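**Q** Kindly generate the corresponding structure for this input.
(2 chains)
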Number of protein chains: 2
Amino acid sequence: MTIGVYGLGRFGSFFSSVLKSGGERVIAYSRNEHTLPEGVEKAGEDEVLNADYLFFCVSISAFEEVLKRVAGKIGRNTVVLDTCSVKMYPSKWMEEYLPSHIYKIATHPMFGPDSGRNGVKGLPLVMCEISKKDERYEFIKSYFEHIGLKVLEMSARDHDAEAAYSQGVTHFVGRVLNEMGLKPTEIATSGYKSLMNIVDQTCNDPLQLFYDLQRYNPYAKEMRLTLQVAIEKILNRLAKEEDNR
Amino acid sequence: MTIGVYGLGRFGSFFSSVLKSGGERVIAYSRNEHTLPEGVEKAGEDEVLNADYLFFCVSISAFEEVLKRVAGKIGRNTVVLDTCSVKMYPSKWMEEYLPSHIYKIATHPMFGPDSGRNGVKGLPLVMCEISKKDERYEFIKSYFEHIGLKVLEMSARDHDAEAAYSQGVTHFVGRVLNEMGLKPTEIATSGYKSLMNIVDQTCNDPLQLFYDLQRYNPYAKEMRLTLQVAIEKILNRLAKEEDNR
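**A** This next block holds a predicted model:
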């Protein structure tokens, strides 16, 4: 059994080491030069595209083009999985650009090199059915569980609706606070320290991930509007309190 | 030596137990019926106003009126300290309404019943000089340190300028996210869990504290404007990215 990882950016490199921790052979391909995590083998593009399980670890905004380009070179029996932080668009792209005989699964490992720094045991990974569930789906699900991940199964739509109001709002708030230029201070309350941690963690991820989370999640615009409305409400209430003084 | 605590709300009750942990006698007065923390003695208003050290633990918005009302009844040798989360207005009020012979110190214990739940060792407490420093100031400073607090000395202005962009922004973000109706979710990332903790912690404090932090800190309005400008910038950048697709 060989697991292929396509893309060795910040997330791909981390995720290939997580996959390797389950004991199977992991090979990885990247256009650019990258140091490989321990135990992960470097491989050519074709070899990775013909692995038994092929994980795409490219940015959401690059995924559509990458799929179009490599679709014809993917092995007939290779199971294709994405790892994008949104699920509706990537699922649609896999159905649109990959031949119908290729078995497809959408996944979202809800962690990264920062949150998974001290191990991934118990961290959530979402699986969305694209091809009808069979033993190929069950095998990789068991493998995730064997690694210690908590597998959650849901539709791509349910994922995006919930993620907009959890991961999406967190990254938005993190980028906004970073833009404000907030600094550590001696008089930090414990709440402010938590807030600074959120800024550090979200802004440590590539800026592209932030843009992609906001653009490619169909629920993100509504989330941002909800946030703006909430701010207006709070400001209005403050103004009213001021008048009542 | 007797320490008096005036006001036994959520914070006053907690802070009186912190003061008691240093070993001195602590007496407390409250208009309303309240259960007293272990070791803290119930006392009448006059008795508390004549303690050696008198801590006011009333809301910022109530402090001015309370001071006016009790100023004439405070003991001649009683050292008066406030514990408000902003420092410029309360310092001004103490100078304005208390006789000049009364020794005054402004303090801000930068923690509360939530953040101090597991002990207050190492947590910051800000002291601002009002009356010229002497042995009365040094005594209570040592007492705070004896309890385990980290005493930080600064001007009321410096405190408010820094607190607006730390405690102030944290409470504002917490209230806004609460207004959005965010819920815990199975697919929570670690960052989102931190965000939910901030909501819980800030919204567990009285709503009055939130309003007071925003209204009585002269730097809070600028902080809120800075936040709104940061949101506009991020939204504009998102829109530009969208156009460049």
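
**Q** going forward, measure contacts between C-alpha atoms and count neighbours the same way
**A** OK.

**Q** Just want the phi and psi numbers for the residue most central in space within chain A.
**A** Chain A has A:Ser85 as the residue nearest its centroid, 3.2 Å off, counting by C-alpha atoms, centre = their mean. When read as degrees, to the nearest 10, the backbone of A:Ser85 gives phi -80, psi 0.

**Q** mind listing the helices for chain A?
**A** Using DSSP state H, the helices of chain A run over residues A:10-20, A:45-49, A:60-70, A:88-97, A:135-147, A:156-163, A:169-179, A:190-204, A:207-215, A:220-243.

**Q** Dump those into JSON lines; add distance to chain B, mean pLDDT and mean neighbour count as well.
**A** Output for the helices of chain A, formatted as JSON lines (distance: least, C-alpha to the nearest C-alpha, whole Å; pLDDT from 0 to 100; neighbours: other C-alpha atoms under 10 Å in any protein chain shown):
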{"stretch": "helix A:10-20", "distance to chain B": "15", "mean pLDDT": "97", "mean neighbour count": "20"}
{"stretch": "helix A:45-49", "distance to chain B": "27", "mean pLDDT": "98", "mean neighbour count": "21"}
{"stretch": "helix A:60-70", "distance to chain B": "9", "mean pLDDT": "97", "mean neighbour count": "16"}
{"stretch": "helix A:88-97", "distance to chain B": "15", "mean pLDDT": "98", "mean neighbour count": "18"}
{"stretch": "helix A:135-147", "distance to chain B": "15", "mean pLDDT": "98", "mean neighbour count": "15"}
{"stretch": "helix A:156-163", "distance to chain B": "7", "mean pLDDT": "98", "mean neighbour count": "21"}
{"stretch": "helix A:169-179", "distance to chain B": "6", "mean pLDDT": "98", "mean neighbour count": "22"}
{"stretch": "helix A:190-204", "distance to chain B": "6", "mean pLDDT": "94", "mean neighbour count": "20"}
{"stretch": "helix A:207-215", "distance to chain B": "7", "mean pLDDT": "95", "mean neighbour count": "19"}
{"stretch": "helix A:220-243", "distance to chain B": "6", "mean pLDDT": "94", "mean neighbour count": "15"}
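
**Q** A:Met110 is nearest to which of those helices?
**A** Nearest of the helices of chain A to A:Met110, taken as C-alpha to C-alpha: helix A:156-163 at 9.6 Å.

**Q** Give me the angle between the closest one and helix A:207-215.
**A** Relative orientation of helix A:156-163 versus helix A:207-215 (axes from the mean of the first three to the mean of the last three C-alpha atoms, to 10 degrees): 110 degrees.

**Q** Using CSV, list the CA coordinates for helix A:156-163.
**A** Taking C-alpha atoms only, helix A:156-163 is exported to CSV below (Å, rounded to 0.1, in the frame of the first residue of the first chain):
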residue,chain,number,x,y,z
ALA,A,156,-19.8,19.1,1.9
ARG,A,157,-22.6,21.7,2.4
ASP,A,158,-22.9,21.0,6.1
HIS,A,159,-19.1,21.3,6.5
ASP,A,160,-19.0,24.7,4.7
ALA,A,161,-21.9,26.1,6.6
GLU,A,162,-20.3,25.2,10.0
ALA,A,163,-16.8,26.0,9.0
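
**Q** you'd agree A:Ser61 is up against A:Phe210?
**A** No: with contact defined as C-alpha atoms under 8 Å, A:Ser61 does not reach A:Phe210; the gap is 10.9 Å.

**Q** who does the closest residue to the residue nearest to the centre of chain A other than its chain neighbours bridge with?
**A** The shortest distance from A:Ser85 to any non-neighbouring residue, by C-alpha to C-alpha, 6 or more residues apart in numbering or on different chains, is to A:His108 (5.7 Å). Bridge pairing for A:His108 (DSSP bridges) gives the partners A:Val126.

**Q** A:His108 touches A:Met127, doesn't it?
**A** Yes: using C-alpha under 8 Å, A:His108 makes contact with A:Met127 at a distance of 6.6 Å.

**Q** residues near the residue nearest to A:Ser85, how many?
**A** Neighbour count of A:His108, defined by other C-alpha atoms under 10 Å in any protein chain shown: 22.

**Q** cool, A:Glu24 as well?
**A** 14.

**Q** tell me the phi and psi of it?
**A** Backbone geometry at A:Glu24, expressed as degrees, to the nearest 10, gives phi -80, psi 170.

**Q** Equivalent analysis for A:Glu186, please.
**A** According to degrees, to the nearest 10, A:Glu186 has phi -60, psi -30.
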